[in-house]
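**Student:** Predicted model and sequence below, questions to follow.
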Amino acid sequence: MTDTLNLDRVRAHFPGLARGWTLFDNAGGSQILRGAVERMTEFLYEKNVQIGGSYAVSQAAAEALAAGRAAAATLVNAARPEEIVFGPSTTVLLQNLARAMRSQLSPGDEIVVTMADHESNIGPWMALREFGIVVKVWPLDRNSFTLKLDDLAPLMTDRTRLVCVTHVSNILGQVHPVAEIARFVHDHGARLCVDAVAYAPHRAIDVQAWDVDYYVFSLYKTYGPHYAVMYGKHAHLLELDTLYHYFYGKDRVPGKLEPGNPSYECAYSVLGIRDYLAELGGAAGPVRARIEAGFRAITAQEDALVARLLGWLGQRNDVRVIGPARNEGSTRIPTIAFRFPGRDSAALARAMDDHRIAIRHGDFHARRLVESLDEMDDGGLLRVSMVHYNTLDEVDRLCAAFDEILRKAA
């Protein structure tokens, strides 16, 4: 096992890093692993037929899909591979979940959402108001930029069916205690749906330990192709309506929730992600333990990146960090949003292009949060989103570039 990363070896796994750009827009989409692409290519060249046939190539395709599902189950520590649902994106998977859950809900039933989420975990639930579902909002504590159970408690009633929350906001960057939230929600007779898009690239996932009911994240932000994964407790998935043809019965899990079938090659790519994360954790031992060790090494590297950027931001008197300005107990991921008051964020982001440093500005599809913080003007927020393959030298180049850009604009 190892607690440190060999960054030269890490970066060699990501061919896209060799293009001469410093890529700090990873929350929009990380670079893809060579191993994930190799698995996709293997499938497309050697197994690219429909599953369900008696012939050998079709059997191999089915085995590849099953292997991809099992790999995803290992990544999230699901109890069984059938608890893994594949889909095109987190947005689509959450829209599908809302559709499949609709017949379980009655007018007057309640769903709680937060304004700290990406729109993917708000909009689909808001749409159920058309069917008489009451949607309540769990407010963000403005002082700590956290979600407090004391603010959730008054919203919970005997009609509350579901609470929807983000594990980490793609703007605020603070890890929420989903295990604690799950216990609270379950004690009140409801279920918990977690958007983990901003969490999955940075920390090990353990859906069983946390006792979450639904947990969704995107592979294309977790070193894979443009695809996504939803975990659901098996008993819950059985209750959901089928989204596929009428002859896909309710017990046909997870196929009934994957209309048109999943992308076999994208599902198979998860083996490349699993193997890479396990490799980071050492050469020997159970795969799951090695993945957890790999994420400990990832956390150590990312904590250093967070400290370097927050340190530079904290020394300035002309910038406002959106979210916690310190990384208490490694609970802040390296997605950091900020703005220079009086400066246009869009212009600053474009100026950074000249330095071949990729950052982003705007609301990052968390518009309700940015609007509630009154940060939509002047191009919205700047966001620097890093992952473990980024380096301290890259952070230093970013800070130096900002120094130059701001000095010229003064």
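**Tutor:** Right, received. Where do you want to start?

**Student:** how close does A71 sit to Y276?
**Tutor:** 11 Å (CB to CB, to the nearest Å). Just so you know, the C-beta spots here come from the backbone N, C-alpha and C atoms, and that holds for glycine as well.

**Student:** Likewise for D378?
**Tutor:** Distance check for D378 against Y276: by CB to CB, it reads 39 Å.

**Student:** More neighbours: which of the two?
**Tutor:** Between D378 and Y276, counting by other CB atoms under 10 Å, Y276 is the more crowded of the two (20 against 17).

**Student:** Mean confidence (pLDDT) on the one helix or strand the more buried one maps to, please.
**Tutor:** Counting by DSSP states H and E, the secondary-structure element that holds Y276 is helix 264-280. The predicted model assigns helix 264-280 a mean pLDDT of 98.

**Student:** Now do it: distance to the chain's middle.
**Tutor:** 16 Å (CA atoms, centre = their mean, to the nearest Å).

**Student:** list the helices and strands that helix packs on?
**Tutor:** Contact here means 3 or more CB pairs under 8 Å, 6 or more residues apart in numbering; DSSP states H and E; on that basis helix 264-280 packs against helix 34-46, helix 56-76, helix 287-314.

**Student:** K408 is nearest to which of the ones you listed?
**Tutor:** With CB to CB as the criterion, K408 lies closest to helix 287-314 of those, at 18.0 Å.

**Student:** and the closest one, which residues are buried?
**Tutor:** 288, 290-299, 301-302, 304-310, 312-313 (16 or more other CB atoms under 10 Å).

**Student:** just stretch 79-93 next, same as before
**Tutor:** Going by neighbour count (16+ other CB under 10 Å), the buried part of stretch 79-93 is P81, E82, E83, I84, V85, F86, G87, P88, S89, T90, T91, L93.

**Student:** Just those residues: which are in strands?
**Tutor:** Judged by DSSP state E, strands contain the following of the buried residues of stretch 79-93: I84, V85, F86, G87.

**Student:** pLDDT score for the first one?
**Tutor:** By that I understand I84. 98.

**Student:** list the contacts for it?
**Tutor:** R69, A72, A73, V76, A78, V229, M230, Y231, P254 (CB atoms under 8 Å, 6 or more residues apart in numbering).

**Student:** run the last query once more with 7 Å
**Tutor:** Counting by CB atoms under 7 Å, 6 or more residues apart in numbering, I84 touches R69, A72, A73, A78, V229, Y231, P254.

**Student:** From E404, how far out is it?
**Tutor:** Where E404 is concerned, I84 sits at a distance of 47 Å (CB to CB).
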